[in-house]
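Trainee: Structure of the sequence below:
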Amino acid sequence: MKKLSLQALTITLFVFFLMWGVDKITDYKFFNAFDPISQALSDFELTDYAFSNLRETPLVDQRIVLVNLAPTRGLIAQQIMQLNQLKPKVIGVDSFFDCEGGLYDTLNCPQLLDTLGNLMLSNAIQEAGNVVLVSKLIQTRALASKGDSNVYDSIEYSDLMFRKYAINSYANLPTDAVYQDDVKLCRSIFPKIPVNGKDELAFSVQLAMMYDSAKTRKFLERDKYEEIINFRGNVEVRDNRLSSLTKIDNSTTLYPVMFYAIDWDKFLEGEYLEDIFKGSIVMMGSMGNYFGDPSWEDKFFTPLNKKVAGRANPDMFGLVVHANVVAMILNEDYIDELADWHKYAIAILICFATVILFILIDHHIPLWFDTLSVLIQVMLLLSVSGAVVYSFGHFSFKLDLSLTLAASALVGPAYDIFKGFQNQFRKWFTKKPPEVLTE
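Mentor: Numbers count the residues shown, from 1 in each chain. Okay, here's the model as predicted:
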């Protein structure tokens, strides 16, 4: 038994050595011919299938109402003034009101020409008294040169005439995009980030705090730098030129619908149910120039996307991403995940047990080894994949067993390679004929 355990441990270490080697080799782009395949699958996780296919359609969250942002500051001011009359608990505006690049002249910043609109917007924010504006966490050049992209030392705000009457919180979402126009895949959020010694709250977290501080503090007490977003639903954005939208119709969308959404012109025309706004969280932001607009501006790929690999079209506006975070906090519907050491421990234990099984089969029924080893690997891969999807779909627990899957896929080839080396060394140094691995 001691010899068996030692052999199994040696082969297990060899499996992980091979995984390390494969990882290093792929870093050098030796297999560029396979890049299209790897790129198509790089944004896919097994849990995406549970997100997009296994969960029940959620109920509409009546605490959160989304309003498409009007195209001018004067019209946005009218929206906020109108909302103020409807008595929402908090109004969040996912938009900057500044001059891009800090160029305050009418040529580079034509918004300055709308003097009346700017004054109206500033006054509307002041009168409402419960407006949250977005800010953006940024790095100075000195900090950026150090290479740590998750540390910030500066904040970009809207102009003073707007932000001084509002609460400001950052809207940064973790994606792999370098520029705003890049393809953006969003799975998570940074709930709070320290900037110059002070914790800044994310836009969605600030809205939840103003609506229910007890639940939001409970969320923050998890003290996780990055939280996986438990996406539950999207919005219906039918073309308002065909019909107005005051209530969701689940039969006309591919995605589970969770939030009321109203287009900017329909809102200004009063085509809505007043009761849905009182005491609610109203979130204003861009959802296209009109409902049904095919523009990709401020739109993300999320796990709810029905096309789980090689995605073609983004499925969710940034405003709706923030709304999902607010709903997650208020529903206390978090996603838990394994600690890093758990991932390694599970992978090592399963690999070790599989190697022992292979050795026993190779020793007692060697003629069946090839057939049984392949069957065991296939069953193991299917079982692990099923466990990942099931635990996420039914318990909102993310079993990140990618390391276990990789070890399971390599354990068969690694065993054969190791056995070949062992037999060859025995032949060289002992002049004995090759033998199978023994117990």
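
Trainee: Show me what counts as buried in the helix or strand residue 388 falls within.
Mentor: According to DSSP states H and E, residue 388 maps onto helix 369-395. Buried residues in helix 369-395, counting neighbours by 16 or more other C-beta atoms under 10 Å, are found at 369, 373, 376-377, 380, 384-385, 388-389, 391-393. Where C-beta positions appear, they are placed from N, C-alpha and C, glycine not excepted.

Trainee: what's the answer for stretch 103-121, then?
Mentor: Going by neighbour count (16+ other C-beta under 10 Å), the buried part of stretch 103-121 is 109, 111, 117-118, 120-121.

Trainee: any idea of the mean pLDDT for stretch 50-59?
Mentor: Average pLDDT, stretch 50-59: 78.

Trainee: mind exporting it as PDB, just the C-alpha atoms?
Mentor: Presented in PDB, the C-alpha positions along stretch 50-59 are these (Å, rounded to 0.1, in the frame of the first residue of the first chain):
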ATOM      1  CA  ALA A  50     -26.900  27.600 -15.700                       C
ATOM      2  CA  PHE A  51     -27.300  31.400 -16.000                       C
ATOM      3  CA  SER A  52     -28.800  31.300 -19.400                       C
ATOM      4  CA  ASN A  53     -30.800  28.000 -19.500                       C
ATOM      5  CA  LEU A  54     -31.500  26.400 -16.200                       C
ATOM      6  CA  ARG A  55     -32.900  29.100 -14.000                       C
ATOM      7  CA  GLU A  56     -36.500  30.000 -13.700                       C
ATOM      8  CA  THR A  57     -37.800  33.300 -15.100                       C
ATOM      9  CA  PRO A  58     -37.700  35.800 -12.200                       C
ATOM     10  CA  LEU A  59     -40.500  38.000 -11.000                       C
END
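
Trainee: roughly how far is that stretch from the heart of the chain?
Mentor: Relative to its chain's centre, stretch 50-59 lies at 16 Å (C-alpha atoms, centre = their mean, to the nearest Å).

Trainee: What residues of that stretch count as buried?
Mentor: By 16+ other C-beta under 10 Å, the buried positions in stretch 50-59 come out as 50-52, 55, 58.

Trainee: go on, stretch 210-217?
Mentor: Neighbour-count burial for stretch 210-217 [16+ other C-beta under 10 Å]: 210-212, 216.

Trainee: Go through these and name the one nearest residue 423.
Mentor: Nearest to residue 423 out of the buried residues of stretch 210-217 is residue 216 (C-beta to C-beta; 62.7 Å).

Trainee: What is the helix or strand where that closest one lies packed up against?
Mentor: Applying DSSP H and E as the criterion places residue 216 in helix 213-220. For helix 213-220, the elements it packs on are helix 203-211, helix 318-330, judged by 3 or more C-beta pairs under 8 Å, 6 or more residues apart in numbering; DSSP states H and E.

Trainee: Quick check: next helix or strand after that helix?
Mentor: For helix 213-220, the following helix or strand on the C-terminal side (DSSP H and E) is strand 227-228.

Trainee: Show me what that next one is packed up against.
Mentor: Applying 3+ C-beta pairs under 8 Å, 6+ apart, we find strand 227-228 packed against strand 188-189.

Trainee: tell me what the strand it packs on is packed against?
Mentor: With contacts taken as 3+ C-beta pairs under 8 Å, 6+ apart, strand 188-189 sits against strand 227-228.

Trainee: Name the strands paired with the strand it packs on and say parallel or antiparallel.
Mentor: Next to strand 227-228 in the sheet, as set by DSSP bridges, lie strand 188-189 (antiparallel).

Trainee: next one: the strand it pairs with to chain centre, how far?
Mentor: Distance, centroid of strand 188-189 to centroid of chain: 5 Å (C-alpha atoms, centre = their mean).

Trainee: quick one on the thing from earlier: between the buried residues of helix 369-395, which sits nearest residue 192?
Mentor: Nearest to residue 192 out of those is residue 392 (C-beta to C-beta; 25.2 Å).

Trainee: who touches the closest one in this structure?
Mentor: 46-47, 50-51, 335, 398-399 (C-beta atoms under 8 Å, 6 or more residues apart in numbering).

Trainee: ok, now how distant is it from residue 197?
Mentor: In this view, residue 392 and residue 197 are 37 Å apart by C-beta to C-beta, to the nearest Å.

Trainee: now the helices: where do they sit in the chain?
Mentor: Secondary structure of the chain (DSSP state H): helices located at 2-27, 35-42, 46-49, 73-86, 115-128, 141-144, 160-163, 203-211, 213-220, 264-268, 318-330, 340-364, 369-395, 402-430.

Trainee: looking at those, which has the lowest confidence?
Mentor: Of all the helices of the chain, helix 35-42 has the smallest average pLDDT, which comes to a mean of 48.

Trainee: quick one: low-confidence ranges for the stretch 151-300 of the chain?
Mentor: For the stretch 151-300 of the chain, the stretches flagged by pLDDT under 70 are 177-183, 238-254.

Trainee: What segments of it are strands?
Mentor: 154-156, 167-170, 188-189, 192-195, 198-201, 227-228, 260-262, 281-285, 299-300 (DSSP state E, counting those that start in this stretch).

Trainee: quick one, which of the ones you listed is nearest to residue 362?
Mentor: Of all the strands of the stretch 151-300 of the chain, strand 227-228 sits nearest to residue 362, with 41.2 Å by C-beta to C-beta.

Trainee: Tell me which residues are up against that closest one.
Mentor: Strand 227-228 has contacts (C-beta under 8 Å, 6+ apart) with 187-191, 334-335, 337, 398.

Trainee: Check stretch 330-341 too.
Mentor: Residues contacting stretch 330-341 (C-beta under 8 Å, 6+ apart): 61, 63, 208, 211-212, 215, 218-219, 222, 227-230, 232, 327-328, 346, 392, 396-400.

Trainee: repeat for stretch 158-166
Mentor: Residues outside stretch 158-166 that contact it (C-beta under 8 Å, 6+ apart): 93, 96-99, 118, 121-122, 125-126, 129, 131-135, 157, 168.

Trainee: switch to 7 Å and redo it
Mentor: In this structure, residues lying in contact with stretch 158-166 by C-beta atoms under 7 Å, 6 or more residues apart in numbering are 96-98, 118, 121-122, 125-126, 131-133, 157.

Trainee: Would you reformat the residues you listed as a markdown table and include distance to residue 260?
Mentor: Formatted as a markdown table, these follow (distance: C-beta to C-beta, whole Å):
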| residue | distance to residue 260 |
| --- | --- |
| 96 | 25 |
| 97 | 25 |
| 98 | 29 |
| 118 | 30 |
| 121 | 24 |
| 122 | 28 |
| 125 | 23 |
| 126 | 27 |
| 131 | 20 |
| 132 | 19 |
| 133 | 22 |
| 157 | 29 |
